[in-house]
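Novice: Sequence and predicted structure are below.
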There are 2 protein chains.
Amino acid sequence: MTTLARGPRGAQVPADVTVAEVRAPGAVVEVVFGPDGHRAVFEPRWLARYGEPDAGAGAAPGGQDDGRTEDAKRLWAAADLGGEPPQGWWPRYLADPVHRRSCLSAVLEQGLVVLHGVPCEPGAVLAVARSLGYVRETNYGRLFDVRAEPAPANLAFTRRPIAPHTDNPYRDPVPTLQLLHCLRGAAGGGESTFADGFRAAAVLRSQDPAAFACLTTTPVTFAYSDEVTELRATGPMIGLDPRARIRQIRFNDRSLTPVRLPTAQARAFYAACRAFTERISSPEATVTAMLSPGDCVIIDNTRVLHGRAGFTDRRGGGRRHLQGCYADLDGLASTVAVIARGHPGHPGHLGHSGPAGRAGS
Amino acid sequence: MTTLARGPRGAQVPADVTVAEVRAPGAVVEVVFGPDGHRAVFEPRWLARYGEPDAGAGAAPGGQDDGRTEDAKRLWAAADLGGEPPQGWWPRYLADPVHRRSCLSAVLEQGLVVLHGVPCEPGAVLAVARSLGYVRETNYGRLFDVRAEPAPANLAFTRRPIAPHTDNPYRDPVPTLQLLHCLRGAAGGGESTFADGFRAAAVLRSQDPAAFACLTTTPVTFAYSDEVTELRATGPMIGLDPRARIRQIRFNDRSLTPVRLPTAQARAFYAACRAFTERISSPEATVTAMLSPGDCVIIDNTRVLHGRAGFTDRRGGGRRHLQGCYADLDGLASTVAVIARGHPGHPGHLGHSGPAGRAGS
């Protein structure tokens, strides 16, 4: 196993590579490879970590584990969360790495967290995004405003209710995190709603396997266009990994384009879509939160659907105003991992007579 | 088909929806739906576009076409490109939408283009990225420098050769575009190499189906870590869409972590990996380009692998210096589509008595 432990170095690794000699003079293990005498030094702990998995152990025969599928998540119905999203407190998040890690872990495990106490200042949502990763700039800018407009080009810019959806499925890659920060509340209504799309898909799989199969194997196209933009992306509504685990929900009934299928298949698709919608929209699946000024919700946009109730604005008192931005889960997971280290990490493979160590490109 | 033509509007669409009446008073088609009397207005052209596909037409029974798989690409060996990448000219790119579209279409079709005449100024690569989409900021910043460093943390920061690879497979989502802009050349060597990963995978599929199956179904983990970063991402080296078309290459032997598999499977995996590497690295597959100051290459990082020959720097004459950044294919495809319109686009669905039209979220 160790002969190619750092991956196949192109065609430079001899096809007939062998382990010629192993020395363990002290804290490290030295391996000399044949036929070319290449020498490498390993930490025993590292070798143990990457050795052949036990037959009964968690490392599945299909390959590596993946923190992004249903297997790594804690799926929830509303009751499992006590009816409200996980909560955190921004000043403490800034001051205390343990709290920060806990808030960000909620995004990895449950798919969302609401941070209270974020300053009610325009642009503050960007600071939240920068605390956990990197802002994903799009045609909407680095930052976008959500409030009722006189001539709305988007349902978000009205006071109407919005059904549960994931954002931007017409983009590929989809932004994997969405942040929404409340600067001013509504006069009435406007509750945010959240539902676990992974759980809804898992429920569909057990209750209506044919519908689940349809939504995992039918690529559909989502589209958005305006004067300067024309985005399209195609994929199944319920994306699976190569081992058939639920991995990515794309669901937005406003940007879904009509599927082009023979009528019987189209009917089956829309029936499956309705079956999924019902599981996403059920009260049992839905947690609500009334975002108050200073609240910022962070959402795993590959998993958790969000929506809102209709609302009214105050007469002359200013409109409900949220600011949003996008970011990505990989940066958030990196931040959690670095906090979890407690100390600067270093690779287990200490030395190598070939090219330099860990890659950046 | 038209009853749900704009997608299933959540559970609000009656399950027993029908078409109650169709009127075509003039240039538009009015449809009244039962049982609730919902009324919508369509352009006949739009209805024709989204009607039931002809039995023998291109719209496959499995659903929508996808511009990101092998089906939408022109796969190439070196000879197909005349041994060098598609070329463009930055001043003309800026001035002439036809040339701009042609350069960007090369990225969509062949997976890369080299633009000459980009100003030799630090940061100019960001202007190129902004001309086609949005910069993807990462832990390396919005912009990164590639040159030999006294204490390199990365093979890129040496003068050594780099085998063909895709960038950042330890990220999910992976940046789907990479840009590299040459500010200063080497004294000798340093040729850039490019290979079409989709073609290499297709060749592998036809010549060694077992190796292809192994690389498409075995999730592997890529990792990168430094003092403040710990990124991991897992997926197959050759990613397929739900209809088994080649869609995403992840290949970087420096960031691949050892696969944890029973020994026989691990041997099979590394043998498959070597078989793929040989097809990626063969002279027949490889085009080369010597990037001169002012040249900027734009690469589809889901498809085209890039590498470089080793080089020497001038004594006292300054080091070879590239600047790079990441961006995404969806923005580039949007830019091409908007140029192709020739006029501001507008959706075919002219009116609707329900919520507002095209979605932004």
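Specialist: On my side now, so go ahead. Numbers count the residues shown, from 1 in each chain, chains lettered A, B, ... in the order given.

Novice: all helices of the stretch 51-200 of chain A, in order?
Specialist: Using DSSP state H, counting those that start in this stretch, the helices of the stretch 51-200 of chain A run over residues A:90-95, A:97-109, A:124-132, A:197-207.

Novice: Can you pull out the low-pLDDT segments for the stretch 151-300 of chain A?
Specialist: Judged against pLDDT under 70, the stretch 151-300 of chain A has no low-scoring part.

Novice: can you do 80?
Specialist: A:153 (pLDDT under 80).

Novice: if I look at the closest residue to A:Val32 other than its chain neighbours, how far off is B:Arg100?
Specialist: In this structure, A:Val32 finds its nearest non-sequential neighbour in A:Glu21, 4.2 Å apart by CB to CB, 6 or more residues apart in numbering or on different chains. All C-beta spots, glycine's among them, are computed from the backbone N, C-alpha and C. Distance, A:Glu21 to B:Arg100, using CB to CB, to the nearest Å: 59 Å.

Novice: Of the two, give the one with the bigger neighbour count.
Specialist: The neighbour comparison of A:Glu21 against B:Arg100 (other CB atoms under 10 Å in any protein chain shown) goes to B:Arg100, with 20 against 12.

Novice: on that earlier part again, next SSE downstream of the host helix or strand of the residue nearest to A:Val32?
Specialist: Under the criterion of DSSP states H and E, A:Glu21 resides in strand A:18-23. Sequence-wise, the next helix or strand downstream of strand A:18-23 (DSSP H and E) is strand A:29-34.

Novice: what about whichever helix or strand comes after that following strand and chain B, touching?
Specialist: Using DSSP H and E, the next helix or strand after strand A:29-34 towards the C-terminus is strand A:39-42. No. With CB under 8 Å from any CB of the partner chain as the criterion, chain B is not reached by strand A:39-42; the gap is at least 10.8 Å.

Novice: partner strands of strand A:39-42, parallel or antiparallel?
Specialist: Here strand A:39-42 has these sheet partners by DSSP bridges: strand A:29-34 (antiparallel), strand A:351-352 (antiparallel).

Novice: Point out the other helices and strands that the one helix or strand A:Val297 maps to packs with.
Specialist: Under the criterion of DSSP H and E, A:Val297 resides in strand A:296-300. In terms of contacts (3 or more CB pairs under 8 Å, 6 or more residues apart in numbering or on different chains; DSSP states H and E), strand A:296-300 is packed against helix A:97-109, strand A:112-116, helix A:124-132, strand A:177-184, strand A:192-196.

Novice: need the ones you listed in TSV with distance to B:Arg279, can you?
Specialist: What follows is the helices and strands packed on strand A:296-300, written out as TSV (distance: least, CB to CB, whole Å):
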stretch	distance to B:Arg279
helix A:97-109	37
strand A:112-116	43
helix A:124-132	39
strand A:177-184	36
strand A:192-196	42
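
Novice: List just the one of those that sits closest to A:Ala151.
Specialist: With CB to CB as the measure, strand A:177-184 is the member of these nearest A:Ala151 (20.5 Å).

Novice: Is chain B within reach of the closest one?
Specialist: No. Strand A:177-184 is not in contact with chain B by CB under 8 Å from any CB; minimum separation 8.8 Å.
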